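*Asks:* return a 3D structure for these sequence lines:
(2 chains)
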Amino acid sequence: MSGIRVLVGTRKGAFVLSGDGKRDDWDVSGPHFPGWEIYHVKGSPADPDRLYASQSSGWFGQLIQRSDDGGKSWTQVGGAFEYDGVPGTHQWYDGTPRPWEFKRVWHLEPSLNDPDTVYAGVEDAALFRSEDGGQQWQELSGLRRHDSGPQWQPGAGGMCLHTILLDPVDPQRIFVAISAAGAFRSDDAGKTWTPINRGLRSEGIPDQDAEVGHCVHRIAMHPSRPDVLFMQKHWDVMRSDDAGDSWHEVSGDLPTDFGFPIDVHAHEPETVFVVPIKSDSEHFPLEGKLRVYRSRTGGNEWEALTNGLPQSDCYVNVLRDAMAVDSLDSCGVYFGTTGGQVYASPDAGDSWAPIVRDLPPVLSVEVQTLP
Amino acid sequence: MIRVVLPAHLRTIARVDGEVTLDVEGSVTQRSVLDALEARYPTLRGTIRDRSTHKRRAFVRFFACEQDLSHEQPDDPLPDAVAAGTEPFLVVGAMAGG
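*Replies:* Sure thing, here's the model as predicted:
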C-alpha cells in the first residue's frame, strides 16, 4: 500500500509524520534539530529517501542537512552561501540603499530528476544551486543582478526568495517569487531572468502596477500544465495562462483575498486551494473560523471547506510554505498553522483532521507520496 | 592543551560531549583557538564566526577567567590560564529569549 510522508518545518525543529494510504493513523518522528528554526524540508522527486532541510538560528547561522534514508538520519552538508562578486545594494524599508546580506535559506527545491541537484531560495533574495548534494552552493546571480535589483525592497518578513517552481516540461524554465519584488522567470536554466508581474496591482507601492515591487506570497502550478500559474499575492489571488506574461485576478467570491499559501489539486489542474486570512495586520482567519477555500473552476468561484476545522475562536495563521498535496487517487491536502497544528484531508478538502495539535509554530509542510 | 566549552547546540553539531581539548601551535589567541577548533570540527564553520570574514557572530560571546573577551582583537593573547589549560575558553550563545 502507498505511504505518505509529511515533512514539517517549525520554529523549534523538524518533524516527519508518516502514514499509510488511509491517512488516518500517523507516526510522529521528531523533533529533529531541536531548538533550531527549520524553515523548509523537502524530498527529491527522483529519490524519495533523499531529503534536504534548512536549519538556522539567530545565534549560530545557517546549516543545511541532508538525509539519505527518508529522515531517519541526517548529515550536515554545506552551509556556505556566498553572493557572486560584490553584492551591491537593494532598497531598505525607508528607501535607502542597503548592501545585500545573507540571512537564511527559506526554501529548498530539489531537481525533478537528479537527487544531487537542489536549489535554495535565500534572504536577502537570491537563488543558489548545488549539484553535489548540498555540499557546495553557487549563486545563479543573473537574478539578483537584474536591472531592477537595486529597487527591490523587503516585505515585513524580510527580503526572501520563497518560491521556486521547476517546469517539468521545459528544463530550462524556472519560476521564482520574492517578497517584495515579485515573480520572475528564467528560460535559460537560471542565467537570465524576466520580471513577470504584468497585471498585478498593489496599493502599497507608489506605482501600483510597477514592473517590480509586488509582495507575492506564493505561486503554484499543476505539473501537467506549467504555463498556468496561480498566485496568492499579499492581497489578491491571481492567475496566469501564459507562464506569467500576464495575470488576472481570480479572487472572485472569497471573503478576503489576503493570505499566504496556494496549491493545486494533484489530479485536477483547475482545482485550487487557499486559506483566506483577515488582513495584512490581522494575520488570522476571519471570524475566528479556520476555513480552506477551494475553487474547482480555476478561480473566481470558491467554496468554504470547514468539516473538521475549528469554527470558533481560532486565531492562527498558515504561512506561505505550509500547504501541500499528495498524489494518491483521492488527493490529500495538508497544512500547518502557527498554532502548531498540522491538518490533513484525505478527500481533497471535504473533511479534515489534525495529525498533530501541539507542535511549535509551523513554518513549512511538504508531502511525499511513497510507492 | 587548550580547553574549550561549547554551547549545547554546537556540541550537538560537533557531536561532542563536554569540553573540547585542542592543541594550538604558537600564540594562543581567539583566532588560533577558533582556527584549531574549526579544523578539528569542520561542521562548526560559520556557526561561531562568519565563514569568510571570520567576524564573531553577533549573538555569540567569548568568556574566560570571568572576563568577557568578546570585544578583544582576534590576535590578542588569551589569558595565561587559558593558554596553560587551567581555565577553559567559553563560547557562549548570548542570553536572549525565543
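*Asks:* tell me the residues of the stretch 51-200 of chain A that contact chain B?
*Replies:* Proximity of the stretch 51-200 of chain A to chain B is confined to A:57, A:58, A:59, A:60, A:61, A:62, A:63, A:76, A:79, A:80, A:82 under the rule Cβ under 8 Å from any Cβ of the partner chain. C-betas here are computed from N, CA, C, even on glycine.
*Asks:* residue nearest the centroid of chain A?
*Replies:* Within chain A, the residue whose C-alpha comes closest to the C-alpha centroid is residue A:321; the distance, by Cα atoms, centre = their mean, is 3.3 Å.
*Asks:* tell me which of the residues of the stretch 51-200 of chain A next to chain B has the lowest pLDDT.
*Replies:* For these, the weakest pLDDT value sits at residue A:79, with 88.
*Asks:* that one touches residue A:62, doesn't it?
*Replies:* Yes: contact criterion Cβ atoms under 8 Å: residue A:79 and residue A:62 qualify, at 4.8 Å.
*Asks:* how many neighbours does residue 78 have?
*Replies:* Unless you meant another one, I'm taking chain A. Residues within reach of residue A:78, counting by other Cβ atoms under 10 Å in any protein chain shown, total 18.
*Asks:* not quite, I wanted chain B
*Replies:* Neighbour count for residue B:78, taken as other Cβ under 10 Å: 23.
*Asks:* what do you get for residue A:344?
*Replies:* A count of nearby residues for residue A:344, using other Cβ under 10 Å, gives 25.
*Asks:* again with the one 4 residues further on
*Replies:* Residues lying near residue A:348 (other Cβ under 10 Å) number 20.
*Asks:* please apply the same query to residue B:19.
*Replies:* Residue B:19, neighbours per other Cβ under 10 Å, totals 15.
*Asks:* just how off-centre is stretch A:60-72 within its chain?
*Replies:* Relative to its chain's centre, stretch A:60-72 lies at 18 Å (Cα atoms, centre = their mean, to the nearest Å).
*Asks:* and what of stretch A:85-103?
*Replies:* 23 Å.
*Asks:* helix, strand or coil for the residue in the stretch 101-250 of chain A positioned nearest to chain B?
*Replies:* Of all residues in the stretch 101-250 of chain A, the one sitting closest to chain B is residue A:102 (9.7 Å; Cβ to the nearest Cβ). Look at residue A:102: counting by DSSP: H, G, I helix; E, B strand; the rest coil, its state is coil.
*Asks:* how about the nearest residue to it, chain neighbours excluded?
*Replies:* Setting aside the residues directly before and after it, residue A:102 is nearest to residue A:81 in space (Cβ to Cβ, 6 or more residues apart in numbering or on different chains), at 5.1 Å.
*Asks:* what's around residue A:287, how many residues?
*Replies:* Other residues near residue A:287 come to 13 when the count uses other Cβ under 10 Å.
*Asks:* report pLDDT for it.
*Replies:* 97.
*Asks:* where's it relative to chain B, distance?
*Replies:* Summarising the geometry, the distance separating residue A:287 from chain B, computed by Cβ to the nearest Cβ, to the nearest Å, is 30 Å.
*Asks:* please report how far that residue lies from residue A:256.
*Replies:* Residue A:287 is 10 Å from residue A:256, where distance means Cβ to Cβ, to the nearest Å.
*Asks:* re earlier: got phi/psi on the nearest residue to the residue nearest to the centre of chain A once chain neighbours are set aside?
*Replies:* Spatially, and ignoring its direct neighbours in sequence, residue A:321 is nearest to residue A:364 (3.9 Å; Cβ to Cβ, 6+ apart). Backbone geometry at residue A:364, expressed as degrees, to the nearest 10, gives phi -150, psi 150.
*Asks:* quick one, what contacts residue A:364?
*Replies:* Residues in contact with residue A:364, defined by Cβ atoms under 8 Å, 6 or more residues apart in numbering or on different chains, are A:7, A:8, A:9, A:38, A:39, A:40, A:41, A:107, A:319, A:321, A:322, A:336.
*Asks:* for the first one, which non-adjacent residue is spatially closest?
*Replies:* By the measure of Cβ to Cβ, 6+ apart, the closest residue to residue A:7 outside its immediate chain neighbours is residue A:41, 4.0 Å from it.
*Asks:* then the fifth one?
*Replies:* Distances taken as Cβ to Cβ, 6+ apart put residue A:54 closest to residue A:39, at 4.6 Å, once the chain neighbours are dropped.
*Asks:* okay, the one you found: pLDDT?
*Replies:* Residue A:54 carries a pLDDT value of 98.
*Asks:* returning to what we had before: quickly list what the residue nearest to residue A:321 is bridged to.
*Replies:* With DSSP bridges applied, the residues forming beta bridges to residue A:364 are residue A:9, residue A:321.
*Asks:* can you check residue A:105 too?
*Replies:* When assigned by DSSP bridges, residue A:105 has beta-bridge partners residue A:122.
*Asks:* quick one: it and residue A:80 touch, right?
*Replies:* No: counting by Cβ under 8 Å, residue A:105 sits too far from residue A:80 to count as a contact (11.5 Å).
*Asks:* neighbour count for those two, which is higher?
*Replies:* When residue A:105 is set against residue A:80 and neighbours are counted by other Cβ under 10 Å, the residue ahead is residue A:105, at 26 against 15.
*Asks:* my guess is the residue nearest to residue A:102 meets residue A:124, correct?
*Replies:* No: checked against Cβ under 8 Å, the pair residue A:81 and residue A:124 is beyond contact range at 10.4 Å.
*Asks:* spit out the residues that contact the two alike.
*Replies:* Once Cβ under 8 Å, 6+ apart is applied, the residues that residue A:81 and residue A:124 both contact turn out to be residue A:102.
*Asks:* look up phi and psi at residue A:108.
*Replies:* Comment: the main-chain dihedrals of residue A:108 come out as phi -120, psi 130, following degrees, to the nearest 10.
*Asks:* that one and residue A:53: what is the separation?
*Replies:* Taken as Cβ to Cβ, the spacing of residue A:108 relative to residue A:53 amounts to 7 Å.
*Asks:* between the two, what contacts are shared?
*Replies:* A:40, A:41, A:64.
*Asks:* most neighbours out of the residues you listed, which is it?
*Replies:* Neighbour counts for those, by other Cβ under 10 Å, peak at residue A:41, which reaches 29 neighbours.
*Asks:* parallel or antiparallel, which strands does the strand or helix carrying that residue pair with?
*Replies:* Secondary structure from DSSP states H and E places residue A:41 in strand A:37-43. For strand A:37-43, the paired strands and their directions (DSSP bridges) read strand A:51-57 (antiparallel).
*Asks:* what angle sits between the helix or strand following the partner strand and strand A:37-43?
*Replies:* Moving toward the C-terminus from strand A:51-57, the first helix or strand encountered (DSSP H and E) is strand A:61-67. Here strand A:61-67 runs at an angle of 30 degrees relative to strand A:37-43 (axes from the mean of the first three to the mean of the last three Cα atoms, to 10 degrees).
*Asks:* how about the helix or strand just after strand A:61-67: buried residues?
*Replies:* Stepping forward along the backbone from strand A:61-67, the first helix or strand reached (DSSP H and E) is strand A:75-77. Residues of strand A:75-77 classed as buried under the neighbour-count rule (16 or more other Cβ atoms under 10 Å in any protein chain shown) are A:76, A:77.
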